[in-house]
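> quick one: sequence plus predicted model below, questions after.
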Amino acid sequence: MTEPRTPGRHFLQIPGPTNVPDRVLRAMARPVIDHRGPEFPPLALSILERLVEVFATTAPVVLFPSSGTGGWEAALVNILSPGDGVLMFETGHFAAMWCEVGRRLGLEVELLPGDWRSGVDAAAIESRLRADRHRRIRAVAVVHNETSTGVASDIAAVRRALDCAGHPALLLVDAISSLGAMEYRHDEWGVDVTVAGSQKGLMLPPGLGFNAISERARAAMAGARLPRSYWDWQPILSANERGFFPYTPATNLLFGLDEALTMLVEEEGLEAVCARHRRFAEATRRAVAGWGLELVAQNPEEYSPTLTAVMIPTGCDADALRQVILERFDMSLGTGLGKLQGRAFRIGHLGDLNELTLAGTLCGVEMGLGLAQVAHQSGGVMAALDYLARGDRE
Ligand SMILES: *Cc1c(COP(=O)(O)O)cnc(C)c1O
């Protein structure tokens, strides 16, 4: 027997992959072209030229056919050697995963402990760097927007920590769930390698990984002895100059990226995109406060504009709540990751969404809280709607 049809659109409100706009889907629904033929370089060059704006950099950005995790690995293998020290900060699940990648590659990763409710402690980074007299730490690697907790860290402050300690380590930043949705400044913040992925703020399906590479990071390639082949920046940078890639690129994702850049950079504008995300995050937090629930994020200045992680009262199961919402309202919410499994759920509010998408999302959560018998107050949705209706541009 066939399953009964589910009418309407699925609400994909996880913090990535995000909803792909119809225009991007249509841009990708094209015959594949010869990636070594004459049609290809104009596409690649137009993308590379506009992509740098999203990173706020003049440095080159390389693209891989990969998930964000590939971007993590690429960032490490291109600039480091076996046994090099890497300093990381445990903002949450994704920071811990990047740390694992480094350890498996043979790096000496030191993960400064965090409470999974706040951002990178720049002072702790600074004092650890000051203690590193022999300069064994070659890189500091942090997550800009910790997607497991909804906490955004101050990358400029991390840069100042390196500068104040007078330490020459390279600064690596995971901007996978922030790029294209919240303010990001690769050059101004003195970031050496920024890692990003296609399926979050950039409104594309999964499948592209990015590295923006500073001059210093490129110089570090010469002495880096970790084995690298597929992730090697050099052949990509060389081929990119003429609008080509050293191996088959994800051609149809590039058609989509071209369209997404037109929408984000040219039509809406990055500032407006960021303001929209800040507004939707504020509306979401007002709903959470209205429900009387607690945020995972503890410090208001670190609230993420792209997702909100919500603690669930003890005795309740966040995944049971998510299950009810999926079954009854056809909406996917983010699960609690790592040690937040079952204790928190995450509302993604990034990518291609508008006021009513967000309102529908919050309605689904509020109805779900009732159905799953999670102790809460009503009125969260109303608080969010009041805020959205005022149209505050902050
Ligand atoms: C999604 C995400 C990742 C992992 O990316 P994949 O594409 O799943 O490999 C890493 N870091 C952050 C901050 C993320 O949000």
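It's in. Source: prediction; values computed, not measured.
> for the rest of this, base every contact and every neighbour count on C-alpha atoms.
Will do.
> quick check: domain ranges of this protein?
11-17+269-389, 22-265 (automatic domain parsing).
> the last one: end-to-end distance?
To tie it back to what came earlier, the one meant is domain 22-265. Using CA to CA, to the nearest Å, the end-to-end distance of domain 22-265 comes out at 17 Å.
> stretch 18-38 now?
Terminal-residue distance, stretch 18-38 (CA to CA): 33 Å.
> can you put the domains of the chain in CSV and add distance to Thr2, mean neighbour count and mean pLDDT?
Below are the domains of the chain laid out as CSV (distance: least, CA to CA, whole Å; neighbours: other CA atoms under 10 Å; pLDDT from 0 to 100):
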stretch, distance to Thr2, mean neighbour count, mean pLDDT
domain 11-17+269-389, 17, 20, 98
domain 22-265, 27, 20, 98
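> would you turn those into CSV with distance to the ligand?
As requested, those are exported to CSV (distance: least, CA to the nearest ligand atom, whole Å):
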stretch, distance to the ligand
domain 11-17+269-389, 6
domain 22-265, 4
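> mind listing the helices in the stretch 101-250 of the chain by residue range?
122-131, 155-165, 215-220, 233-240 (DSSP state H, counting those that start in this stretch).
> quick one, grab the pLDDT at Arg393.
We have a pLDDT of 58 for Arg393.
> let's number from 479 now, not from 1
Sure, I'll start numbering at 479, so the last one becomes Arg871.
> and the gap between Arg504 and Arg663?
In terms of CA to CA, Arg504 sits 30 Å off from Arg663.
> make CSV out of the helices of the stretch 579-728 of the chain and add distance to Leu490.
As requested, those are exported to CSV (distance: least, CA to CA, whole Å):
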stretch, distance to Leu490
helix 600-609, 34
helix 633-643, 29
helix 693-698, 36
helix 711-718, 34
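> which of those sits closest to Thr792?
The minimum distance between Thr792 and the helices of the stretch 579-728 of the chain falls on helix 600-609, with 31.6 Å, by CA to CA.
> any idea what Ile825 is structurally, helix, strand or coil?
Three-state call for Ile825 (DSSP: H, G, I helix; E, B strand; the rest coil): strand.
> so what's it bridging to?
Thr786 (DSSP bridges).
> my read: it touches Gln491, true?
Yes. Under the criterion of CA atoms under 8 Å, Ile825 makes contact with Gln491 at 6.0 Å.
> list residues touching both of the two?
811-812 (CA atoms under 8 Å, 6 or more residues apart in numbering).
> if we can go back for a sec, go through the helices of the stretch 579-728 of the chain and name the closest to Thr839.
helix 633-643 (30.2 Å).
> keeping just the C-alphas, turn the closest one into CSV.
Provided in CSV are the C-alpha atoms of helix 633-643 (Å, rounded to 0.1, in the frame of the first residue of the first chain):
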residue,chain,number,x,y,z
ILE,A,633,36.6,36.1,16.4
ALA,A,634,38.1,39.7,16.6
ALA,A,635,38.7,39.0,20.3
VAL,A,636,40.5,35.8,19.5
ARG,A,637,42.7,37.7,17.0
ARG,A,638,43.5,40.2,19.7
ALA,A,639,44.5,37.4,22.1
LEU,A,640,47.1,36.1,19.5
ASP,A,641,48.4,39.6,19.0
CYS,A,642,48.6,40.5,22.7
ALA,A,643,50.4,37.3,23.4
